[in-house]
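Undergrad: Output the structure for:
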Amino acid sequence: MYTAALTSKGQITLPKPIRDRLGLKGKGDRVGFTVSQDGKTVHMTKVHLVSDERLTELKQSGRGKLFAPLQNLLRDLQRP
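TA: Model (predicted):
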């Protein structure tokens, strides 16, 4: 288990082994968070953003279903 201290602004620095494991290279990489139903566990994953145009292409080709969960996660993360 790795730990990180929470700053007064609610920020943490991800330990290097975690960044390496997720393939996070640096500034601008995005991560997504999901919280378990009981609210006791948070899961983090690297997020690959897809442009609206590309998502439309994928939906029209029938492959857009793969991105629906990601799109829902991003929408939920943007809610206050």
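
Undergrad: now the most centrally placed residue in the chain, what's its secondary structure?
TA: When Cα atoms, centre = their mean is applied to the chain, the residue found nearest the centroid is Gly32 (1.6 Å). What DSSP: H, G, I helix; E, B strand; the rest coil gives for Gly32 is strand.

Undergrad: Just the strands from the chain, written as ranges.
TA: 30-35, 42-47 (DSSP state E).

Undergrad: and the residue nearest to the centre of the chain, what are its bridge partners?
TA: Per DSSP bridges, the residues bridged to Gly32 are Thr45.

Undergrad: For the strands of the chain, give me CSV that also has mean pLDDT and distance to Met1.
TA: In this view, the C-beta of every residue, glycine as well, is placed from N, C-alpha and C. Shown next, in CSV, are these (pLDDT from 0 to 100; distance: least, Cβ to Cβ, whole Å):
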stretch, mean pLDDT, distance to Met1
strand 30-35, 88, 17
strand 42-47, 87, 13
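
Undergrad: can you put the ones you listed in JSON lines and add distance to Leu74?
TA: Formatted as JSON lines, the strands of the chain follow (distance: least, Cβ to Cβ, whole Å):
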{"stretch": "strand 30-35", "distance to Leu74": "7"}
{"stretch": "strand 42-47", "distance to Leu74": "7"}
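
Undergrad: how many neighbours does Gly10 have?
TA: When neighbours are counted by other Cβ atoms under 10 Å, Gly10 registers 6.

Undergrad: if I look at it, how far off is Ala4?
TA: 12 Å (Cβ to Cβ, to the nearest Å).

Undergrad: And His48, by the same measure?
TA: As defined by Cβ to Cβ, His48 lies at a distance of 24 Å from Ala4.

Undergrad: Now do the same contact list for the residue lying closest to Val31 once chain neighbours are set aside.
TA: Once flanking residues are discounted, Val31 sits nearest to Met44: 5.3 Å by Cβ to Cβ, 6 or more residues apart in numbering. By Cβ atoms under 8 Å, 6 or more residues apart in numbering, the contact list for Met44 reads 22, 31-33.
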